[in-house]
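>>> missing the sequence, but the structure's below:
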């Protein structure tokens, strides 16, 4: 698969075993699987649209701590939804701010914190008021690290999530056989991986 604008893709290395008949050997090669990042839409309500518009216009990740400052009417809803992990959201907010100030390592940490916090979704805050800010932030951090030329890997469950979003967005369109084959090989490798 030839991809020109790799910033908008998550790149997952896939191991492929090839049998070399003449040599009688098996070689392993790595082929990159490019998973297109599909951005979420805000919810169909004014608050969600305002939140997304605000952060997109500033080219920033959606910071849950900043949301409480900008939209005080959401303070109680945010606290009720995230009080168990509020300390992690405060750290994530610090990583976002440090990343926006130029710290590359902060984007990597922000990505991994976002991956972790996605496991606690959906909440009342995200599903009824804010929208899918976690996917927005995941894509944002991946694009940032891609633009900086940084290498990174995501958890298998996150890669599968991105694949599912990509496949849903491409329903009804011509199939990309090479992509589908790489997904199949990647899934096989994940199942065979020792833990």
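Received the coordinates, thanks. Nothing here was measured: the structure is a model prediction, and the numbers come from that model.

>>> Not including adjacent chain positions, what is the nearest residue to the residue nearest the centre of the chain?
Nearest to the geometric centre of the chain sits residue 138, at 3.1 Å (CA atoms, centre = their mean). Leaving aside its chain neighbours, residue 138 sits nearest to residue 114 (5.2 Å; criterion: CB to CB, 6 or more residues apart in numbering). All C-beta spots, glycine's among them, are computed from the backbone N, C-alpha and C.

>>> before we move on, what about residue 27?
The nearest residue in space to residue 27 (CB to CB, 6+ apart) is residue 18, at 5.2 Å.

>>> do residue 55 as well
Nearest residue to residue 55, sequence neighbours excluded (CB to CB, 6+ apart): residue 62, at 4.7 Å.

>>> where exactly do the strands run in the chain?
For the chain, applying DSSP state E gives strands covering 9-20, 25-36.

>>> surely residue 38 meets residue 169?
Yes: if you go by CB atoms under 8 Å, residue 38 and residue 169 touch, sitting 4.5 Å apart.

>>> Which one's more surrounded, those two?
More crowded of residue 38 and residue 169, by other CB atoms under 10 Å: residue 38, with 16 against 12.

>>> where's the more buried one relative to residue 26, distance?
36 Å (CB to CB, to the nearest Å).

>>> Next, give phi and psi for the residue sitting furthest away from the middle of the chain.
Each residue of the chain has a distance to the centre, and by CA atoms, centre = their mean the biggest one is for residue 22: 42.5 Å. Phi and psi for residue 22, reported as degrees, to the nearest 10, are phi -60, psi -40.

>>> low pLDDT regions in this protein?
Residue ranges of the chain with pLDDT under 70: 1-4, 194-195.

>>> okay, now the domains of it?
Listed domain ranges for the chain are 6-36+175-192, 46-147 (source: automatic domain parsing).

>>> Let me know which of the ones you listed is tucked in deepest.
Greatest average neighbour count among the domains of the chain goes to domain 46-147 (a mean of 18), per mean count of other CB atoms under 10 Å.

>>> so how far is the first residue of that domain from its last?
32 Å (CA to CA, to the nearest Å).

>>> All further residue positions should be reported with the first residue as 51.
All right, first residue 51 from here; so that's domain 96-197.

>>> coming back round to it: the domains of the chain: which one's closest to residue 206?
domain 56-86+225-242 (5.1 Å; CB to CB).
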